[in-house]
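In: Sequence first, predicted model second:
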Amino acid sequence: MKFAIYGAGSLGIVLSAYLARAGEKFDLIDRNPKSIDAIKKYGVKVTGKADLSQKVNAVLDEEVSEKYDIIFMLTKQINHKKTVEKVSKWLKKDGVVCTMQNGIPELSASEVVGENRTFGAAVGWGATRIKPGVSELTSENDYNCLSFSFGSLSGTKGAHYDEIIRILGKMGNVEIEENFIGARWVKLLINSAFSGVGTVCGSTFGEAAKNKESRKVIQRVIKECIDIANAGNIKIEKIQGKDVVKLLDYKSKFKKWLSFVIIPLAIKKHAKIKPSMLQDVEKGIPCEIDSINGVVLEYGKKFNVPCPFNSKVVEIIKKFETKELSPGFENIKLFKELF
């Protein structure tokens, strides 16, 4: 059985380090020659909440010559379908992909390799890439905190199902999700709220949650995600034991106040996460806004649910990419007209 991790970014580095420490043998593939050169020379290193240094086998994507049983996808979702088309050529006849990106990447992946060969593992932790081969773990270094919500759109096990669980279990708790779209939706909700608003503010998850004005926006982004899920009969699953809907949905003034108070506590273990979209904006490269808050807009349109706060997040972040605006808490005033 041979597997690979495609994407030596913030999360790919951390996952590689933990699996290598556990004795797993695999290839870490990336499209960036500088990243591959650094990893070949120094290995992968995790700082922050953990301290790990491990040697791994790094391969430039244009030099891949192996065929794999499993490929864990940790690349950016930009042009994701084309990326999966490339990856499909590296799979054995019964090989599968396990998507681990933000949003709902399984939809486009399954169009290429089929639903029965597409699995998903929503990542419940965060990291920040420091430099090629080095990432800072920003979530607590705890087995239950370093979790994965695992399943498939088809709901079937298929080839290598148990092997994926075994591999990911070497790093953290693997939560098996019968209702996988519900598990993906809770991660989409969290990313839309904390990554989306955190990017708007140029802040970490915790900083955006602590500031009362940006927290109001976070609360409304969350509410829109919950309302869309309800309209589409999507049951949002728990994440790391927390029932986000029960904690943060509201229909009364008291429950609205309570959810507002709870928000910083709910994200406490992941407060130091720096949004991946913000990391991309700071590097001057395209970010995944269309695969995060943009997906919320697509579902909102599909189920006829207005989502002005998610729409404004998308609008603002796209203006970062055109240099019309810059990340910062001053952008919160742009939401004023929506309240």
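Out: Structure received. Numbers count the residues shown, from 1 in each chain.
In: switch to C-alpha atoms for all contacts and neighbour counts from now on
Out: OK.
In: Might you report the residue contacts of the most centrally placed residue in the chain?
Out: Centroid-nearest residue in the chain, with CA atoms, centre = their mean: Asn102, separated by 3.2 Å. Asn102 sits next to Gln77, Ala122, Lys187, Leu188, Asn191, Ser291, Ile292 when contact means CA atoms under 8 Å, 6 or more residues apart in numbering.
In: Now with 7 Å, please.
Out: Asn102 makes contact with Leu188, Ile292, according to CA atoms under 7 Å, 6 or more residues apart in numbering.
In: Dihedrals phi and psi, it?
Out: With angles defined as degrees, to the nearest 10, Asn102 sits at phi -70, psi 170.
In: show me where the stretch 151-300 of the chain has helices.
Out: Remark: helices assigned in the stretch 151-300 of the chain by DSSP state H, counting those that start in this stretch are 161-168, 180-190, 196-201, 205-210, 212-231, 244-248, 253-266, 276-283, 293-302.
In: so of those, which one's packed in deepest?
Out: helix 196-201 (a mean of 30; mean count of other CA atoms under 10 Å).
In: contacts for that one?
Out: Helix 196-201 is touched from outside by 204-205, 208, 218, 275, 277-278, 293, 313, 316-317, 327-329, 331, with contacts defined as CA under 7 Å, 6+ apart.
In: Just give me the closest of these to Asp142.
Out: Nearest to Asp142 among these, counting by CA to CA, is Phe205 at 18.6 Å.
In: Is the closest one in contact with Ile273, as I believe?
Out: Yes: with contact defined as CA atoms under 7 Å, Phe205 counts as touching Ile273 (5.7 Å).
In: ok, the top strand by length along the chain: who's next to it in the sheet?
Out: Longest strand of the chain, by residue count under DSSP state E: strand 91-99. If you go by DSSP bridges, strand 91-99 pairs up with strand 68-73 (parallel), strand 118-123 (parallel).
In: Please identify the buried residues of that strand?
Out: Neighbour counts over strand 91-99 (16 or more other CA atoms under 10 Å) mark Leu91, Gly95, Val96, Val97, Cys98, Thr99 as buried.
In: Give me the distance between the residue lying closest to Glu330 once chain neighbours are set aside and Lys272.
Out: Distances taken as CA to CA, 6 or more residues apart in numbering place Cys201 nearest to Glu330, at 7.3 Å, with adjacent residues excluded. Using CA to CA, to the nearest Å, one gets 14 Å for the distance from Cys201 to Lys272.
In: Quickly note the distance from the residue nearest to Glu330 to Leu188.
Out: On the measure of CA to CA, Cys201 and Leu188 end up 19 Å apart.
In: Phe150: helix or strand, and which one exactly?
Out: Phe150 belongs to strand 148-151 when assigned by DSSP states H and E.
In: What pairs with that strand, parallel or antiparallel?
Out: Its sheet considered, strand 148-151 pairs with strand 118-123 (antiparallel), strand 174-176 (parallel) by DSSP bridges.
In: Give the rounded mean pLDDT of that strand.
Out: What strand 148-151 shows for mean pLDDT is 94.
In: Give me the contacts around it.
Out: 119-124, 173-178, 180, 183.
In: I am finished for the moment; much appreciated.
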